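1. Return atomic coordinates for the entry below.
(chains A, B, C and D)
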Protein chains: 4
Amino acid sequence: MQLAMIGLGRMGANIVRRLMKDGHDCVVYDVNQDAVAGLESEGATGAGSLAELASQLQTPRTVWLMIPAGLTGGVVDQLAEVLEPGDIIIDGGNSNYRDDVRRAAALKDTGIHYVDVGTSGGVFGLERGYCLMVGGPDEAFTHIEPILKTIAPGVGDVERTPGRSGDLAPEERGYLHCGPSGAGHFVKMVHNGIEYGIMAALAEGLNILHNADAGTREASHSAEVAPLEEPEFYQFDIDTAKVSELWRRGSVISSWLLDLTAAALEANPTLDGLAGRVSDSGEGRWTVKAAVDTGVPAPVLAASLFERFASRGEDHFANQVLSAMRLQFGGHQELPAGDVLEAGGQKADSTQA
Amino acid sequence: MQLAMIGLGRMGANIVRRLMKDGHDCVVYDVNQDAVAGLESEGATGAGSLAELASQLQTPRTVWLMIPAGLTGGVVDQLAEVLEPGDIIIDGGNSNYRDDVRRAAALKDTGIHYVDVGTSGGVFGLERGYCLMVGGPDEAFTHIEPILKTIAPGVGDVERTPGRSGDLAPEERGYLHCGPSGAGHFVKMVHNGIEYGIMAALAEGLNILHNADAGTREASHSAEVAPLEEPEFYQFDIDTAKVSELWRRGSVISSWLLDLTAAALEANPTLDGLAGRVSDSGEGRWTVKAAVDTGVPAPVLAASLFERFASRGEDHFANQVLSAMRLQFGGHQELPAGDVLEAGGQKADSTQA
Amino acid sequence: MQLAMIGLGRMGANIVRRLMKDGHDCVVYDVNQDAVAGLESEGATGAGSLAELASQLQTPRTVWLMIPAGLTGGVVDQLAEVLEPGDIIIDGGNSNYRDDVRRAAALKDTGIHYVDVGTSGGVFGLERGYCLMVGGPDEAFTHIEPILKTIAPGVGDVERTPGRSGDLAPEERGYLHCGPSGAGHFVKMVHNGIEYGIMAALAEGLNILHNADAGTREASHSAEVAPLEEPEFYQFDIDTAKVSELWRRGSVISSWLLDLTAAALEANPTLDGLAGRVSDSGEGRWTVKAAVDTGVPAPVLAASLFERFASRGEDHFANQVLSAMRLQFGGHQELPAGDVLEAGGQKADSTQA
Amino acid sequence: MQLAMIGLGRMGANIVRRLMKDGHDCVVYDVNQDAVAGLESEGATGAGSLAELASQLQTPRTVWLMIPAGLTGGVVDQLAEVLEPGDIIIDGGNSNYRDDVRRAAALKDTGIHYVDVGTSGGVFGLERGYCLMVGGPDEAFTHIEPILKTIAPGVGDVERTPGRSGDLAPEERGYLHCGPSGAGHFVKMVHNGIEYGIMAALAEGLNILHNADAGTREASHSAEVAPLEEPEFYQFDIDTAKVSELWRRGSVISSWLLDLTAAALEANPTLDGLAGRVSDSGEGRWTVKAAVDTGVPAPVLAASLFERFASRGEDHFANQVLSAMRLQFGGHQELPAGDVLEAGGQKADSTQA
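-> Numbers count the residues shown, from 1 in each chain, chains lettered A, B, ... in the order given. This next block holds a predicted model:
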């Protein structure tokens, strides 16, 4: 079928390529006309404006936006002026599902359908296909299903879930109509929230392995930090790159994120050059806020988000406050270098608090 | 090569079968002689006692224990009396790695090698092979490597990690010499700690999806619980079984635990009959304690462990204390049924705290 | 000075009494005219409507709302119609600070000042005075300061903070102009978020004391739950009521919440009759959402909130998911009653995962 | 009565002074004979060795150790050689309660009583008195009660808990017999665990206030970090020193730790010079391990401990792992400086994960 793509960055362009390879007809637009020209050379039809793009499409028109979330609202408004009742706008970007709910409501009177598609797959999507979480009216979903089928990974070499039989369900092909407008990005949001949690579980576990030799370097601990008890049990020098690779085979925690971890540690076993300031892109925050709103406990997801904040130093003032309190009840300024504990000379330190 | 297996429960018996299928020669023992007879009928050599078992083995003897962790110490002691210097005892069960360290030290003077093998794979291991995390002296590891190769999953259909080339490393075949005695179970322990975290991330995320319809049932909230703000954003009726299936294809969180989740929800979409009292088997606890000992932050792993404790009601007294405090500063006993808020009639409730 | 109070519930009425006792002149209104009559008999001037109330006040009029947060918006709108430029509306209830920001903006063109006052003190406020966190324009704050001074606890018997000298600052008298409209309830919100954290810290600690006898009841643990290691270290039968009382004197954690805990445990040492379903009133949620919005790590505050959610059973589906996963990889239904571990008969249980 | 004090550091010396002021007779010893001489000049009897100290005491002898936990075991062993059945050794330091249990068991055959006293109060104890948590045999507790009464704060100006009447109970005077040997330090351990949680709650909350102006500095956020939504709600410039002072009066969270926080922020409002690397002294770790052992959920206490670990950079490797994973699935190295998002030019960033 025919699809218009707005936004020819890496993901938009790759989706267009994947669609054309499967025989779909693509009209493309980007403010960067070089990107348009590039895809024209690969077989797409270019458009110089949204109006031109609209004129090149048969009705009902289907227009996929693959642009930064901050710009989506404006482009939807512009599109609404050149589209007609029954046409379909698909937001494939990273919108907050609340914006989908608002936009679908705002478009209601125009008769234009609004569909949100959460996509997962990263840069591997061109090859693997994208996992598609779709929200919107039934009618629009049915109309765009051929496109979704092409973009999704398909059944691939994933073993069929026991108990499933007969025709493949959409979710077995890698796309799913999750509910009305907003449901797609809601499910995608939670997907990313879970992603944060899994990543943190792996990272914390590897950090414990990384420190399994703590018993060999105990001496460096200062008098202000509890000494390692039973150092004889922390004498291991674990190779985290090899362990990550090992766990890919037959372990309970085998997963794509583990595959990536193994690849990262293989490429850079000491992780040199990484500052460990971990970004977050919004979905983890929205997930925690949704949990808070609905009264659902999510301590693991929240902790994984807060670890990222702390990795960027956002815990600094809190830590200063803690140090300041300890100075208060310990009754002393920070330990001078030579202040060593000796028998019979108990310091009035914080441990008496 | 030749191996003796002590403990013919499901895992021990399956490992014997996997070994025999690959041409190894197995001597088997269990206090349950029916289990011994069963494997004899499949080609193993049975033994009626540990002494008999020892007499049936060529030196250096290799004896694998696959028995409950609580019994391992006693059997190791008994074995030490019938084995000789250079022989190898392998603990393939779920021992705490600290017991390995202690046992290896205790055996040191006997000249008997002690090897600990953490195994992951659950009941799927017979077919998939077991992921093997090995601790012990180099010499013993080298000697038992042919057995490990057979029990491990092998390279399977797992894609090779980018950057790796040439001969397959042991970790690519599913077994790894992680370090001296104890290192195998240490790595297995952390593996399970991570497993808890990943499971919790998935469970919390699915719970958020499960409650994405909170806006449709707001009325049931009492005056004592904060009402849902903006219920219009929580109107989704998400099918968690379908979403789990969907995420198996192309998503970032695809993983074996997700496969199992999809299977569980396919078999029982409403999870009827499950009380949600979640057991824990020790490794998660040991992981958190290792993190605490070594000063490594592990909030996600700890939170996942504590969620399990709470699922079994172990938070009850704490919650009672919280309710008791609220009664104190709210200055009233629990709300009588008819105590409804009305305009101008502000209750002295906890929100004024 | 003169103040109008709208909302004569326990807190509103107590504030009026506290004001009249200090010589202020109060006009009062409530939809419940009995409440109005009651305070008239104590010396207040009653009003039968908002218009009447407005007519009884000298300009600039000062009107304090002490009504449920859900009603405040409507009453502010009605008041705006009977007040004049320069008049002051004070919201002393539990509004979300975001509503304050919105209302102040909406009132801007009318010339009416909007002041938000977060109040803490619970039912003890009549006697102790209320801690007042104020947001709004300087001019309005200055005008109402005499009232704030009366309602606040004053310096009381709280020891002066070292380094402070000279005249008492407002914060030493128990009220503070925290910033523009919204700042008062923002600070109050964070106060309550901290309150949740402190309460949880106390409750968790007491729960650990409550279970310090775990070693005496180990036998009740099932095979599915990790047995207590080293039960000899958990043989204490701690009296939590006495310990709470003890800590009130000289300990680092002495606090008003501890006072309340000691009182609660003195009155009901076993906490009989408390179901432990802990309510939350909104501020804890808003605090966590503010932390998430601003990228500030708040794992303790979030964990304390999530514990409350879980205490009300909101973790149920997540726990069911965990049990379901364990059934999958353990390969068995729940343990039948007679399934006891025996030597050599290793169960294929989850501990091999 | 008569008491021997071993260890004349700040706390030991202060306790001796407090005892002498109340008429008790003190024999003192320290490896630092200057410390001994100092207290002799204040009225104590000095001893040059443990044997001499023993000879100066009437039976049953009572010897209080106030020395670093790491040295206590050795001194107890030495004391056992110069003491007799019925004598009492008191460990007033910061021992792990497990060591108390072990020491009491080891002394059993000697007939010497072992009493552990957890003390809280920091450097303020000389003036305020120390909160005393006592473990040991009834007989020994009864014998030393006069000393405990003197060292404890007494009833002070703390209001009596409602419902209590008649003679003051020991816990109302600030000391309590918590149970057999180990119980004192167990209760003290949990006290400190709670202390960590309360401190963290205060620190996190103040950090949120500190960042309440996030909306005024949004521009500094990079494309890799989720931008602040609704910056209009984060425009507050909160003075945390004043707010801390304010909360001391009438608020629900008033507490000694808040007093200290107010003092710290008054002395150094910007907390300049504090690196925010927060020490921990062992009890927090032991508390979390006790919770894990006994299956008690303690997410708040654990999170507060882990925050301290992270403040010292112990999360670094985990954060590097997270960054490494993100690089993998984002398919790109870190953002070059000029890579700015523009309309229609969607980056293949992590938000598509």
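
2. anything in stretch A:195-203 near chain C?
-> No. Judged by C-beta under 8 Å from any C-beta of the partner chain, stretch A:195-203 stays clear of chain C, getting no closer than 11.6 Å. Placement of C-beta: from N, CA and C, glycine included.

3. how distant is the lowest-mean-pLDDT helix or strand in chain A from the center of its chain?
-> Least confident element among the helices and strands of chain A, by mean pLDDT, DSSP states H and E: helix A:125-128 (a mean of 81). Distance of helix A:125-128 from its chain centroid, counting by C-alpha atoms, centre = their mean, to the nearest Å, is 16 Å.

4. Show the pLDDT at the closest residue to A:I194 other than its chain neighbours.
-> Closest residue in space to A:I194, ignoring its immediate chain neighbours: B:G205 at 3.8 Å, by C-beta to C-beta, 6 or more residues apart in numbering or on different chains. Here the pLDDT value assigned to B:G205 is 98.

5. Could you check how many residues crowd around B:G205?
-> 34 (other C-beta atoms under 10 Å in any protein chain shown).

6. For the residue of the stretch 151-300 of chain A found nearest chain D, what is the enclosing helix or strand?
-> Taking C-beta to the nearest C-beta, chain D has its nearest neighbour within the stretch 151-300 of chain A at A:G276, 3.2 Å off. Here A:G276, judged by DSSP states H and E, is contained in no helix and no strand.

7. In three-state terms, label A:Y114 for me.
-> strand (DSSP: H, G, I helix; E, B strand; the rest coil).

8. Any idea what the closest residue to A:G136 other than its chain neighbours is bridged to?
-> Among residues not flanking A:G136 along the chain, A:V115 sits closest, at 3.5 Å (C-beta to C-beta, 6+ apart). Residues in a beta bridge with A:V115, per DSSP bridges, are A:I90.

9. which residues does A:V115 contact?
-> By C-beta atoms under 8 Å, 6 or more residues apart in numbering or on different chains, the residues touching A:V115 are A:88-91, A:134-137, A:140-141, A:144, A:181, A:184.

10. Of these, which is the most crowded?
-> Top of those by neighbour count (other C-beta under 10 Å): A:G184, with 32 neighbours.

11. Skip the chain neighbours and tell me the closest residue to it.
-> Here the residue nearest A:G184, using C-beta to C-beta, 6+ apart, is A:G135, at 3.5 Å.

12. Surely that neighbour touches A:F186?
-> Yes. Using C-beta atoms under 8 Å, A:G135 is in contact with A:F186, at 7.1 Å.

13. can you map out the strands along the stretch 1-150 of chain A?
-> A:2-6, A:25-29, A:45-46, A:62-65, A:88-91, A:113-120, A:131-135 (DSSP state E, counting those that start in this stretch).

14. the inter-axis angle of the lengthiest helix in chain A versus strand A:131-135?
-> Secondary structure of chain A read by DSSP state H shows that its longest helix is helix A:183-210. In terms of direction (axes from the mean of the first three to the mean of the last three C-alpha atoms, to 10 degrees), helix A:183-210 departs from strand A:131-135 by 140 degrees.

15. on that earlier part again, show me which positions of the least confident helix or strand of chain A end up buried.
-> Residues of helix A:125-128 classed as buried: A:G125, A:L126, A:R128 (neighbour count, 16 or more other C-beta atoms under 10 Å in any protein chain shown).

16. and stretch A:272-290, does that touch chain C?
-> Yes. Against chain C, stretch A:272-290 shows contacts by C-beta under 8 Å from any C-beta at A:R285, A:V288, A:K289.

17. Sitting in helices, which of the residues you listed do you find?
-> Per DSSP H, the subset of these in helices is A:R285, A:V288, A:K289.

18. now these in a markdown table, with pLDDT and neighbour count?
-> Output for these, formatted as a markdown table (pLDDT from 0 to 100; neighbours: other C-beta atoms under 10 Å in any protein chain shown):
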| residue | pLDDT | neighbour count |
| --- | --- | --- |
| A:R285 | 97 | 26 |
| A:V288 | 98 | 26 |
| A:K289 | 98 | 20 |
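
19. which of those come close to chain D?
-> A:R285.

20. and of the ones in helices among the residues of stretch A:272-290 next to chain C, the nearest to D:P68?
-> Closest to D:P68 out of these is A:V288 (42.8 Å), distances taken as C-beta to C-beta.

21. quick one, what contacts the residue of the stretch 1-150 of chain A found nearest chain B?
-> In the stretch 1-150 of chain A, the residue that lies nearest chain B is A:C131 (3.8 Å; C-beta to the nearest C-beta). Residues counted as contacts of A:C131 (C-beta under 8 Å, 6+ apart) are A:T119, A:S120, A:G121, A:A152, A:P153, A:G174, A:Y175, B:L246, B:W247, B:R249, B:G250, B:S251.

22. And the second one, how far from chain D?
-> Put plainly, it is A:S120. Counting by C-beta to the nearest C-beta, to the nearest Å, the separation of A:S120 from chain D is 6 Å.

23. give me the beta-bridge partners of that residue?
-> In beta-bridge terms (that is, DSSP bridges), A:S120 pairs with A:C131.

24. Pretty sure it sits against A:H191.
-> Yes. Taking contacts as C-beta under 8 Å, A:S120 lies within contact range of A:H191: 6.0 Å.

25. overlap in contacts of these two?
-> By C-beta under 8 Å, 6+ apart, the residues touching both A:S120 and A:H191 are A:M133, B:W247, B:S251, B:V252, B:I253.

26. Looking at those residues, which are in helices?
-> Per DSSP H, the shared contacts of A:S120 and A:H191 map to helices at B:W247.

27. Which ones among the shared contacts of A:S120 and A:H191 also lie next to chain D?
-> Among the shared contacts of A:S120 and A:H191, the residues within reach of chain D (C-beta under 8 Å from any C-beta) are B:V252.

28. Could I get the shared contacts of A:S120 and A:H191 in CSV, plus columns for distance to B:N96?
-> Converted to CSV, those look like this (distance: C-beta to C-beta, whole Å):
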residue, distance to B:N96
A:M133, 42
B:W247, 34
B:S251, 35
B:V252, 34
B:I253, 31
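
29. Pull up the overlap in contacts between A:G135 and A:F186.
-> Joint contacts of A:G135 and A:F186 (C-beta under 8 Å, 6+ apart) are A:Y97, A:C178, A:G179.

30. what about A:H191, distance to chain C?
-> From A:H191 to chain C the distance is 15 Å (C-beta to the nearest C-beta).

31. Phi first, then psi, for A:P68.
-> With angles defined as degrees, to the nearest 10, A:P68 sits at phi -50, psi 140.

32. right, and it touches A:G92 too?
-> No. A:P68 is beyond contact range of A:G92, at 11.8 Å (criterion: C-beta under 8 Å).

33. which one of those two has more residues nearby?
-> Neighbours were counted for A:P68 and for A:G92 using other C-beta under 10 Å; A:G92 has more, 29 against 22.

34. Give me the neighbour count for the residue of the stretch 1-150 of chain A found nearest chain C.
-> Of all residues in the stretch 1-150 of chain A, A:N96 sits closest to chain C, at 12.5 Å by C-beta to the nearest C-beta. Number of residues near A:N96 (other C-beta under 10 Å) recorded here: 21.

35. Got the confidence number for it?
-> pLDDT at A:N96 comes out at 96.

36. Wait, A:A298 touches A:K289, no?
-> No. Counting by C-beta under 8 Å, A:K289 is not a contact partner of A:A298; they are 10.0 Å apart.

37. ok so, going back, and the residue nearest to A:G184, what does it touch?
-> Contacts of A:G135 (C-beta under 8 Å, 6+ apart): A:97, A:100, A:115-117, A:177-187.

38. again, but for A:E266
-> A:A241, A:E245, B:T161, B:P162, B:G163, B:R164.

39. Just put the contacts of A:C131 in CSV and tack on distance to D:A44 and neighbour count.
-> Below are the contacts of A:C131 laid out as CSV (distance: C-beta to C-beta, whole Å; neighbours: other C-beta atoms under 10 Å in any protein chain shown):
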residue, distance to D:A44, neighbour count
A:T119, 78, 28
A:S120, 73, 26
A:G121, 76, 29
A:A152, 83, 28
A:P153, 81, 23
A:G174, 81, 29
A:Y175, 83, 31
B:L246, 77, 29
B:W247, 73, 29
B:R249, 79, 26
B:G250, 78, 27
B:S251, 73, 30
